[in-house]
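A.B. asks: The following block contains a protein sequence and its predicted model.
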Protein chains: 2
Amino acid sequence: MQTETQTQQTVLAHIGLPRIVVVGGGFGGLELVKALASANYQTVLIDKYNHHTFQPLLYQVATSGLETSSIVFPFRKRFQRQRKIFFRMGEVIAIRPDDRQIDTSIGSISYDYLVLATGANTNFYGLKDVEQYALGMKSIVDAIKLRNTIIRNFEQALLASDARLRNSLMDFVIVGGGPTGVELAGALAELKKHVFPKDYPELQLEEMDIYLIEAGPRLLSGMSEEASSKALHYLSEMGVRVMLNTAVKSYNGDEVLLNNNEKLLSKTLIWTAGVKANPLPGLKPDCLAPSGRIRVDVYNRVIGYENIFALGDVAVMEGDPAWKGGHPMMAPPAMQQGRWLAKNFKRLAAGKPMLPFRYFDKGSMATIGRNKAVVDLRGMHFQGFFAWYVWMFVHLMYLVGFRNKIFVFFSWLWSYFSYDKSNRLIIGRPQ
Amino acid sequence: MQTETQTQQTVLAHIGLPRIVVVGGGFGGLELVKALASANYQTVLIDKYNHHTFQPLLYQVATSGLETSSIVFPFRKRFQRQRKIFFRMGEVIAIRPDDRQIDTSIGSISYDYLVLATGANTNFYGLKDVEQYALGMKSIVDAIKLRNTIIRNFEQALLASDARLRNSLMDFVIVGGGPTGVELAGALAELKKHVFPKDYPELQLEEMDIYLIEAGPRLLSGMSEEASSKALHYLSEMGVRVMLNTAVKSYNGDEVLLNNNEKLLSKTLIWTAGVKANPLPGLKPDCLAPSGRIRVDVYNRVIGYENIFALGDVAVMEGDPAWKGGHPMMAPPAMQQGRWLAKNFKRLAAGKPMLPFRYFDKGSMATIGRNKAVVDLRGMHFQGFFAWYVWMFVHLMYLVGFRNKIFVFFSWLWSYFSYDKSNRLIIGRPQ
């Protein structure tokens, strides 16, 4: 282990070019760094993991559909042979703008330009008990934890002679009717229909209930009304109990109390109801919007700083005319901002002025189950088999790594024809 | 969580057939249970994991060649639709032969016949300091831990300005020149040659040393002299420093002291030098051989019991004329015993006497690197490309699950043509 103090400089050679330090290799950070490979900068990517995570498919890892390694990609592999790009694994502790340095778990790193792409985390809106007992869906570790929990619950349900206990083990409550909640509910419904009856002939699968709780009046509130109602239709058809206009008041690890005072019995509460930005200490307080996101101008420059930028979920852009409240906290704005910012850095290096960013909304999509998806794409709304096909195509296209694309494609093919989800593994020793 | 006491019976219906309880779903246990599917018994498999682990390929998971999920297989998936086979996830705590019961972490289970197939664990031969700091190679968790360690060491080596520290991070000491040690050393040498130079252009890869320490006079002592010398030749060619007739005296997590008083600097000591059987408490003391293995007769019946059997690594058979000291602690004897014991159970059910087991030794093999393997097969000894091909074919054949075979085959193809090992992931949060 390193015993250096925080103020010690980490070992990182200067290569005679201005240095851009990018914090976080999610969708936005990765696009930025990729596009900077050809620029006249030394680009340093720092991330607490050594791999990019394709978050949109985490729910398939959690429900045994995909293996972990297919949806992650090692940064070093991505940037092999790109001599101006440097990767460091570490966590950023604070920014020191006056010194043009960041303090990290592996020492300090100096920068000429700093880009914050630290993304967002689960937002429990202050519900401490929910935070304590609920599972999130933001990281690989979250997904593996949920997978372990689902399977362990069923192994324990087999041993439960008490019906109440068995019910609480076999029931699942998902909070949040956005894409993650909808997709997860659908995937659990498929496990219930196609996989668990074969795996657990000793259990009565009718006892398994899947609840999807949404505080608003419709699912997928970011999509068209058509998509929302079709998603609701699909899920109801698949046996998911969707509760709209309903919120969670408290959870004790066993019983969920709703705002209509109804109680649901479940050992597993999955919280996909909100995200909050991950800003870093050291910026002036007026950089932060009330939402906690970092305020940036149309160049993704943090308000009040010349050489600090922020993009993606962690940033809220002021000045994009069509998006007064900032862009949605999703992959597409982050990726577009990343690519745009790389262009602006190249312009800066060439002595040209930066150009303002405009988000081009291509639409969004969610999959509910086999042959069932909803897509809003450039003004068109469609659902069903073709939408499902488009959903798969788009996700394969954006997945990082050719090998990953092939493995995921093959896994999907396999699942489609076998009605199976193969990775029903509890990794690690049971507690 | 279950709050039952150990003496409480676990929930498990009797189905009107005599019950065979099999403890452990490794190679031996799995073959036995598979073959019992058609027998007139209720077969209960209990394992602490919910999946079978294909141990011979663990070293490829540890060296980023294969993903975890390709070499494990969920028991429930294997036994879908087989109504006389029951799986329970749990750990056995003790046997109570007089009550025909076992006590487990999920309650007691009664049996008519009990089969112990608990395998073996790493044997540190009483070296407490080695046990504390060394990594084993017996489970998925071991393999993931080693993978995390290798990659984290390199990430840290990048930050080490001190040459001694950097060296100890970049050097690896493998103890034990059996198949696991040889294969692991070869795989590390391939990472050094093909992968790490591209991943870590900031490091001098010549600083990476791989030591393979073997106490005996040759590698692969279970194989032919020809195989041993060829393996030594291959490894030396690949830059592995093989030290024969050498043993480890102590290890403090940083420095390995050898019995010739030489010292090796390394943060990573991988111990593949021995295994010891995993017997269970509750058997009469004279059932155990001095090695710790359970003594069984030619029917795999534990000496002194009528209805308790043991097979595979945990058992030492007395009476197989060609194998006075028992069979080698490897997959093939375990699998043959498992299949044979199933036959004998069927004979018992039909009122026929059991038949004595004889081990048929088909030979053994080890792979060192691309196009490099050594094979002893039914009296033939061959090495090189064809041996490597045979090694791959045999491993694919024995791997459980068609999907796994395809995924592993494809991974190997991919690695072969790309010279890459794709799963260079640190899963989990860095400590």
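C.D. replies: Sure, I can see it.
A.B. asks: burial count for the closest residue to A:F54 other than its chain neighbours?
C.D. replies: Among residues not flanking A:F54 along the chain, A:I71 sits closest, at 4.3 Å (CB to CB, 6 or more residues apart in numbering or on different chains). Just so you know, the C-beta spots here come from the backbone N, C-alpha and C atoms, and that holds for glycine as well. When neighbours are defined as other CB atoms under 10 Å in any protein chain shown, A:I71 has 26 of them.
A.B. asks: Same question for A:R301.
C.D. replies: For A:R301, the number of neighbouring residues by other CB under 10 Å comes to 21.
A.B. asks: Against A:M354, how distant is it?
C.D. replies: Going from A:R301 to A:M354 by CB to CB, to the nearest Å gives 8 Å.
A.B. asks: does chain B sit close to stretch A:23-41?
C.D. replies: No: legend: contact between stretch A:23-41 and chain B by CB under 8 Å from any CB of the partner chain is lacking; minimum distance shown is 13.3 Å.
A.B. asks: Please enumerate the helices of chain A.
C.D. replies: A:27-36, A:58-62, A:75-78, A:128-133, A:140-157, A:163-170, A:179-190, A:196-199, A:225-237, A:331-349, A:385-398, A:402-418 (DSSP state H).
A.B. asks: and those helices as CSV, adding mean neighbour count and mean pLDDT?
C.D. replies: As requested, the helices of chain A are arranged in CSV below (neighbours: other CB atoms under 10 Å in any protein chain shown; pLDDT from 0 to 100):
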stretch, mean neighbour count, mean pLDDT
helix A:27-36, 25, 98
helix A:58-62, 26, 96
helix A:75-78, 22, 96
helix A:128-133, 15, 96
helix A:140-157, 20, 95
helix A:163-170, 19, 96
helix A:179-190, 25, 97
helix A:196-199, 18, 96
helix A:225-237, 19, 97
helix A:331-349, 21, 98
helix A:385-398, 16, 95
helix A:402-418, 16, 92
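A.B. asks: Identify whichever of those lies nearest to B:L257.
C.D. replies: B:L257 sits nearest to helix A:75-78 of all these, at 33.8 Å, using CB to CB.
A.B. asks: just how off-centre is the closest one within its chain?
C.D. replies: 20 Å (CA atoms, centre = their mean, to the nearest Å).
A.B. asks: try stretch A:98-116
C.D. replies: Centroid separation for stretch A:98-116 versus its chain: 25 Å, with CA atoms, centre = their mean.
A.B. asks: One more: stretch A:314-324?
C.D. replies: 21 Å.
A.B. asks: Spell out which parts of the stretch 101-250 of chain A neighbour chain B.
C.D. replies: Residues of the stretch 101-250 of chain A lying near chain B by CB under 8 Å from any CB: A:105-107, A:140-141, A:144, A:151-152, A:155-156, A:158-161, A:198-202.
A.B. asks: what's near enough to touch A:A277?
C.D. replies: Residues in contact with A:A277 (CB atoms under 8 Å, 6 or more residues apart in numbering or on different chains) are A:118-120, A:291-294, A:313-316, A:329.
A.B. asks: typo on my end, A:G176
C.D. replies: A:G176 neighbours (CB under 8 Å, 6+ apart): A:213-214, A:271-274.
A.B. asks: Go through those and name the one nearest chain B.
C.D. replies: A:W271 (19.2 Å; CB to the nearest CB).
A.B. asks: How about that closest one: what's its closest non-neighbour residue?
C.D. replies: Leaving aside its sequence neighbours, A:W271 sits nearest to A:A134 (CB to CB, 6+ apart; 4.2 Å).
A.B. asks: again with A:D254
C.D. replies: Of all residues not flanking A:D254 in the chain, A:S168 sits nearest, at 5.7 Å (CB to CB, 6+ apart).
A.B. asks: wait, isn't the one you found in contact with A:L269?
C.D. replies: No: using CB atoms under 8 Å, A:S168 is not in contact with A:L269; the gap is 10.9 Å.
A.B. asks: Mind listing the residues bridging to A:Y113?
C.D. replies: Going by DSSP bridges, A:Y113 is paired in beta bridges with A:I20.
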